[in-house]
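Enquirer: Sequence and predicted structure are below.
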Amino acid sequence: MTTLAHYLNTPTIDPALSDVITTITDVGKTISQLLRKGALADILGEAGNQNVQGEDQKKLDVLANDLLLDALAQNAHCAGVASEELDHATPANADGSLLVLFDPLDGSSNIDINMAVGTIFSILPYQRQGQVSTDSDFLQAGNQQLAAGYLLYGTSTMLALTVADTVVMFSLDPDSGDYVLIEEAVQIDADTSEYAINGSNYRYWRAPMQQYIDELIDGHTGVRGRDFNTRWVAAMVGDVHRILCRGGLFTYPFDTKDIKKPGKLRLMYEANPMSLLIERAGGSATDAVNRILDIEPTDIHQRVPVVLGSKNEVEYVKNLHVQHANA
Ligand code: AFP
């Protein structure tokens, strides 16, 4: 049996990185316990505040955010922390070599209905050791990430992590409190017949995305010549987990619902870490055309359209967009 502690304790993994990952995953155990207690822990419902994105914060969002912030502030290797729930990054230990970004509780509308939620994290190098970190230190492309992962609090708690060339998966053993390795090299099939999208936004999508979904719905009667199946967890962490387990395509595309937002998902603590996991598992991740991991960020809270998952399907979406652009 390989535990996360064993896995991280290898000469090929920077001990600072191992330490920060351990801090995050330890907090994950606490969040998992709170979720198990649910209503009994008085963590459901609204906290009465709005986050920087103007969204209502749930009690557990606030709690998960505070738990991660406090724990990382005490980690000597962590130079700064950026979160979905904070306007600006918070400096931590100036001598640290790492920056951490996270979405403390992705899919928070699922909390009150006892459905899957998760914590997503991304770890970047810190270039100005010895000086206090600021927002601009975090503005690095996703291809600079040293590690990324998520904790999925579902029927069991699972950790997907990439800190080397592969994606590994652990399951949290509720008896021992250890994360136990269950999958050493996750791989996504290049082809799929399953896709995830919030179809209620159809009228706001661009023409190539509408065409793509029309083709999938037409199934064996249309140009694709086979049937497709829809799944939507309403928590990206759940949809990405399904794709790592059995392939598929997930998209939250560009839409015109709110012209100030080019997409719903956040580049730095949702799209980037998920894209690294997906690519390292053999899949692809784009904004419909361009590789997500090559986007140079301009704001820690910037949003981006996302199309990720099985390689050939992501490529198909890209080709439709290129064809429309050239028409
Ligand atoms: P929160 O970050 O507010 O929890 O939203 C979750 C999310 O960003 C992402 O995880 C889901 O895929 C997506 O929103 C669900 O969006 P819809 O509410 O439009 O279905």
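Expert: Alright, I've got the coordinates.

Enquirer: Domains in the chain, by residue range?
Expert: 4-183, 194-326 (automatic domain parsing).

Enquirer: Confidence-wise, which of the ones you listed is weakest overall?
Expert: Among the domains of the chain, domain 4-183 carries the lowest mean pLDDT, a mean of 93.

Enquirer: possible to save the domains of the chain as a markdown table with mean neighbour count?
Expert: Every residue, glycine included, has its C-beta placed from N, CA and C. Formatted as a markdown table, the domains of the chain follow (neighbours: other CB atoms under 10 Å):
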| stretch | mean neighbour count |
| --- | --- |
| domain 4-183 | 19 |
| domain 194-326 | 19 |
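
Enquirer: got these as JSON lines, with distance to the ligand columns?
Expert: Shown next, in JSON lines, are these (distance: least, CB to the nearest ligand atom, whole Å):
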{"stretch": "domain 4-183", "distance to the ligand": "4"}
{"stretch": "domain 194-326", "distance to the ligand": "3"}
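
Enquirer: Next, the contact list for the nearest residue to D165 once chain neighbours are set aside, please.
Expert: Nearest residue to D165, sequence neighbours excluded (CB to CB, 6 or more residues apart in numbering): R280, at 6.5 Å. By CB atoms under 8 Å, 6 or more residues apart in numbering, the residues touching R280 are T162, D165, T166, V167.

Enquirer: farthest-separated two in those?
Expert: D165 and V167 (9.0 Å; CB to CB).

Enquirer: just the strands in the stretch 101-250 of the chain please.
Expert: Assigned by DSSP state E, counting those that start in this stretch, the stretch 101-250 of the chain shows strands spanning 117-125, 147-153, 157-162, 168-172, 179-183, 194-196, 229-230, 249-252.

Enquirer: Mind putting those into TSV with distance to D135?
Expert: Converted to TSV, these look like this (distance: least, CB to CB, whole Å):
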stretch	distance to D135
strand 117-125	13
strand 147-153	20
strand 157-162	25
strand 168-172	31
strand 179-183	31
strand 194-196	31
strand 229-230	38
strand 249-252	24
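
Enquirer: what about these, which gets the closest to W205?
Expert: Closest approach to W205 among the strands of the stretch 101-250 of the chain (CB to CB): strand 249-252, 9.5 Å.

Enquirer: What angle do strand 117-125 and the helix or strand just after the closest one make with each other?
Expert: Next helix or strand after strand 249-252 toward the C-terminus (DSSP states H and E): helix 272-280. Per axes from the mean of the first three to the mean of the last three CA atoms, to 10 degrees, the angle that helix 272-280 makes with strand 117-125 is 80 degrees.

Enquirer: how far does helix 272-280 sit from the chain's center?
Expert: Here helix 272-280 is found 8 Å from its chain centre; the criterion is CA atoms, centre = their mean, to the nearest Å.

Enquirer: gap between the two ends of stretch 299-319?
Expert: 29 Å (CA to CA, to the nearest Å).

Enquirer: Now do the same contact list for the closest residue to S109 other than its chain neighbours.
Expert: With CB to CB, 6+ apart as the criterion, S109 has its nearest non-adjacent residue at 6.3 Å, and that residue is A234. Listed by CB under 8 Å, 6+ apart, the contact partners of A234 are G107, S109, N110, M115, N198.

Enquirer: same deal with T119?
Expert: Taking CB under 8 Å, 6+ apart, one finds 24, 27-28, 31, 64, 68, 102-106, 150-151, 153, 237 in contact with T119.

Enquirer: how about 7 Å then?
Expert: For T119, the residues meeting the contact criterion (CB atoms under 7 Å, 6 or more residues apart in numbering) are G28, I31, A64, F102, D103, P104, L105, Y150, L151.

Enquirer: Show me what the closest residue to it other than its chain neighbours is bridged to.
Expert: With sequence-adjacent residues excluded and distances taken as CB to CB, 6+ apart, T119 is closest to L151, at 4.5 Å. For L151, the beta-bridge partners are T119, L159 (DSSP bridges).

Enquirer: And the helices in the stretch 1-150 of the chain?
Expert: 4-8, 15-37, 59-73 (DSSP state H, counting those that start in this stretch).

Enquirer: For the last one, which helices and strands make contact with it?
Expert: Pointing back at helix 59-73 there. Applying 3 or more CB pairs under 7 Å, 6 or more residues apart in numbering; DSSP states H and E, we find helix 59-73 packed against helix 15-37, strand 46-50, strand 78-83, strand 98-106.

Enquirer: Please state the offset of that helix from the chain centre?
Expert: 17 Å.

Enquirer: swap in the shortest one?
Expert: On the basis of CA atoms, centre = their mean, helix 4-8 is displaced by 22 Å from the centre of the chain it belongs to.

Enquirer: hang on, P262 packs against V306?
Expert: No: look at P262 against V306 with CB atoms under 7 Å: they stay out of range, at 10.8 Å.

Enquirer: Thank you kindly, that will do.
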